[in-house]
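>>> Structure for this input, please:
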Amino acid sequence: MNKYLNKILTGDCIELMRQLPDASVDAIFADSPYNLQLGAKTLYRPEDQTAARAVRDAWDAFDSPAAYDEFTRAWMTECKRILKPDGAMWVIGSYHNIFRVGAILQDLGFWILNDIVWVKTNPMPNFRGTRFTNAHETLIWATPHKTGKYTFNYETMKKLNGGKQMRSDWNINICLGDERIKGADGKSLHNTQKPMDLLRRVILASTKPGDIILDPFMGSGTTAAAARELGRNFIGMERDESYVAAARERVERVVPIDLSDIEVTAPKREEIRVAFSELIDAGALYVGQTLVSPRGERVMITRDAQLTHSLHGKASIHVMAARMQRSVSYNGWDYWSAERRDGTLVPIDELRKYVRGIKRDMKRAA
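Modelled structure (predicted):
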């Protein structure tokens with residue numbers, strides 16, 4: 001397997017994948033042909049009559065929908081064989097093909113986890129004015145088996161989204177400007193080059209450092225470049241030699257980045273649990289101390305590690321926060337700050353981290 005790692009291989013992806021062992025890759029990102037079938041007619045921008053970029057390459061042409069389905073089923077079958085049971089399968093497409101791709105994915109036994117809408121913040125306009133501007137593409141995220149314990153870096157995604165849950169609509173620019181890989185003629189080398197930000201998010205969401213990511217339709221090398229940048233291994237496959245040469249050159253220029261400020265390596269569900277009462281036992285809080293909400297509401301800690309308020313009664317940190325918010329539920333760790341004797345405030349979640357550190361050190365010492 002090592003002979004394939006961090007290499008971009010030239011040839012037919014189905015034949016190349018047959019050389020890989022079963023259950024040998026952690027993730028696959030497949031930007032397969034869309035079968036756009038645009039024909040020979042050129043579209044011109046109305047403002048200056050310049051030709052609009054479109055996909056008319058031979059690799060995107062199929063004789064019929066049945067031929068496209070046969071091709072899709074063949075490469076997906078190999079993907080399922082080489083993907084680890086807990087691996088991630090990503091496919092991307094437009095309205096031309098994504099429904100056919102999704103159906104075949106399910107026919108082969110993949111379990112769909114999400115569909116992601118990539119909302120293009122700067123889409124190409126509909127020059128003829130005969131349809132809505134096509135401003136999105138769809139990604140399907142799946143795992144080979146329904147019972148697969150797939151990787152989902154929830155906390156990393158939440159961090160990247162400003163502390164809020166990452167949604168399934170991703171607003172990302174299309175690939176333009178300096179990010180576009182150019183050919184010898186100075187024009188875009190690959191018509192469907194995907195933006196680095198899209199692949200960064202896919203990789204950070206569903207893989208771990210050191211994982212192996214396969215791209216059977218590597219094109220100009222975006223998946224490989226993003227994988228190298230983010231400390232993952234890659235295997236690329238591409239039959240067009242001009243794309244392969246450009247992709248290899250591109251990857252060589254990539255410098256891995258420091259992920260310490262990006263990735264949250266320990267999901268909260270795997271962290272050492274700390275009860276609110278343990279903060280009192282450790283001396284981080286005391287009975288009778290005041291907690292303050294973001295809106296200045298004040299409650300007092302009782303002897304049984306509850307909170308009391310003149311209007312809202314007595315409850316846990318979570319229930320009291322929900323009552324204050326008039327919500328069904330609320331995370332009290334994110335809501336309350338402790339008022340110290342000098343009048344300063346400290347979030348109780350910071351105090352929880354302090355107590356968790358003590359427990360972690362005690363566990364290591366034992």
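
>>> Met1 against Gln19, yeah?
No. Contact criterion CB atoms under 8 Å: Met1 and Gln19 do not qualify, at 10.2 Å. From N, CA and C alone the C-beta is placed, and that goes for glycine too.

>>> For this protein, which helix or strand comes out least confident on mean pLDDT?
Sorting the helices and strands of the chain by mean pLDDT, DSSP states H and E puts helix 348-365 at the bottom, at a mean of 88.

>>> what about the stretch 151-300 of the chain, any weak spots by pLDDT?
Applying pLDDT under 70 to the stretch 151-300 of the chain flags residues 185-188, 190, 265-270.

>>> switch to 90 and redo it
159, 161-164, 173-193, 220, 242, 259-273 (pLDDT under 90).

>>> ok, which stretches of this structure are helices?
Using DSSP state H, the helices assigned to the chain run over residues 13-17, 65-82, 98-107, 154-160, 196-206, 222-229, 241-252, 276-281, 317-325, 348-365.

>>> what helices or strands is the least confident helix or strand of the chain leaning on?
Contact partners of helix 348-365 among helices and strands, from 3 or more CB pairs under 8 Å, 6 or more residues apart in numbering; DSSP states H and E: helix 276-281, strand 337-339.

>>> 6 Å instead?
Packing partners of helix 348-365 (3 or more CB pairs under 6 Å, 6 or more residues apart in numbering; DSSP states H and E): helix 276-281.

>>> Would you mark the buried spots in the helix it packs on?
Neighbour-count burial for helix 276-281, counted by 16 or more other CB atoms under 10 Å, picks out Phe276, Glu278, Leu279, Ile280.

>>> Let me see the contact set for the first one.
Contact partners of Phe276, counting by CB atoms under 6 Å, 6 or more residues apart in numbering, are Ala305, Ile317.

>>> so how far is Ser94 from it?
As defined by CB to CB, to the nearest Å, Phe276 lies at a distance of 50 Å from Ser94.

>>> Same question for the third one.
Computed with CB to CB, the distance linking Leu279 and Ser94 is 52 Å.

>>> just Arg352 next, same as before
For Arg352 relative to Ser94 (CB to CB), the value is 46 Å.

>>> Equivalent analysis for Thr147, please.
31 Å.

>>> Looking at the two, which has the bigger crowd around it?
More crowded of Thr147 and Ser94, by other CB atoms under 10 Å: Ser94, with 14 against 9.

>>> Thanks again, I'm all set now.
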